[in-house]
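K.L.:
Would you be able to build a 3D model of this:
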Amino acid sequence: MNYQDEALKKIKDEVVELSASPLYAERVKNKYFPVIGEGSHSAQILFVGEAPGENEAKTGRPFCGRAGKVLDDLLVSVGIVRSDVYVTNIVKDRPPGNRDPFPDEIEIYAPFLDRQIKIIKPKMVATLGRFSMQYIMSRYGLEWELDSISKLHGKVFDTADFKFVPLYHPAAAIYNQHLLDTLKEDFKILKTCGIV
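P.N.:
Next up is the predicted model:
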């Protein structure tokens, strides 16, 4: 096992035991799994969603439900193989009722995301949705650029460590064809940046 595999396994072990999380009791009660992330441990692109949905919590896999199907189709549309990227969420356990994550939940899980980024060292981080967008922008020196996702989606920003692009969450495109078309256009940016 190489350094990256070991370091990511350590994160998984820590999240599994994270009884201090406000979502831990909910996970145990529902026999859910934490959703740590999956994909290449040396990925050029790292996708960050918000929090697992029910399908994800039942399987422990990120983006495996309807939104995951949209994500898969978007990756195929630009010729990216899902196993070549890394997909995770800012919050690793499912908030009840599929509600938005609370600030204290983001706060307890965000250090794990920071470590995942440091271990994988992607050339690009693409956020899926506004919560992960707001966190990455605030954490990596782009807080002065912060605006609504409708204004920032598809724009490429530089941080000291990686290029960053905020994207709409694939779930938003399930009911809105216009957003799906927008996402398809935005995903083309992943290729034009010369990352893959």
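K.L.:
Helices of this protein, residue ranges please.
P.N.:
Taking DSSP state H as the test, the helices found in the chain are 3-16, 24-30, 54-59, 66-77, 103-120, 130-139, 149-152, 177-192.
K.L.:
State the number of residues packed around Pro122.
P.N.:
Other residues near Pro122 come to 22 when the count uses other CB atoms under 10 Å. Quick note: C-beta positions are derived from backbone N, CA and C, even for glycine.
K.L.:
ugh, typo on my part, it should be Ile80
P.N.:
Neighbourhood size, Ile80 [other CB under 10 Å]: 18.
K.L.:
Where does the prediction get shaky in the protein?
P.N.:
In the predicted model, the chain carries pLDDT under 70 at residues 193-196.
K.L.:
center of the protein - which residue?
P.N.:
Centroid-nearest residue in the chain: Val48, 1.5 Å away (criterion: CA atoms, centre = their mean).
K.L.:
was I right about Ala43 contacting Asp84?
P.N.:
Yes - under the criterion of CB atoms under 8 Å, Ala43 makes contact with Asp84 at 6.5 Å.
K.L.:
Which one's more surrounded, the two?
P.N.:
With neighbours defined as other CB under 10 Å, Ala43 and Asp84 compare such that Ala43 has more, 21 against 14.
K.L.:
Look up the closest residue to that one, ignoring the ones flanking it.
P.N.:
Leaving aside its sequence neighbours, Ala43 sits nearest to Tyr86 (CB to CB, 6 or more residues apart in numbering; 4.0 Å).
K.L.:
ok, now which ones touch the one you found?
P.N.:
37-41, 43, 45-47, 116, 120, 122 (CB atoms under 8 Å, 6 or more residues apart in numbering).
K.L.:
change it to 10 Å
P.N.:
Neighbouring residues of Tyr86 by CB atoms under 10 Å, 6 or more residues apart in numbering: 8, 37-48, 62, 116-117, 119-120, 122, 125.
K.L.:
Could you do Ile11 as well?
P.N.:
Shown in contact with Ile11 (CB under 10 Å, 6+ apart): 36-37, 88, 92, 111-113, 115-116, 119.
K.L.:
list the contacts for the nearest residue to Glu56 once chain neighbours are set aside?
P.N.:
What sits nearest to Glu56 in space, not counting adjacent residues and going by CB to CB, 6+ apart, is Val35, at 4.8 Å. When contacts are counted by CB under 10 Å, 6+ apart, Val35 touches 15, 49, 51-53, 55-64, 87-89, 91-94.
K.L.:
rerun that using 8 Å as the cut-off
P.N.:
52, 56-57, 60-62, 88-89, 92-94.
K.L.:
ok, of those residues, which one's closest to Ile174?
P.N.:
Lowest distance from Ile174 to those (CB to CB) belongs to Glu56, with 15.0 Å.
K.L.:
wait, isn't that closest one in contact with Pro62?
P.N.:
Yes - using CB under 8 Å, Glu56 is in contact with Pro62, at 5.8 Å.
K.L.:
shared neighbours of these two, which are they?
P.N.:
Common neighbours of Glu56 and Pro62, counting by CB under 8 Å, 6+ apart, are 35, 68.
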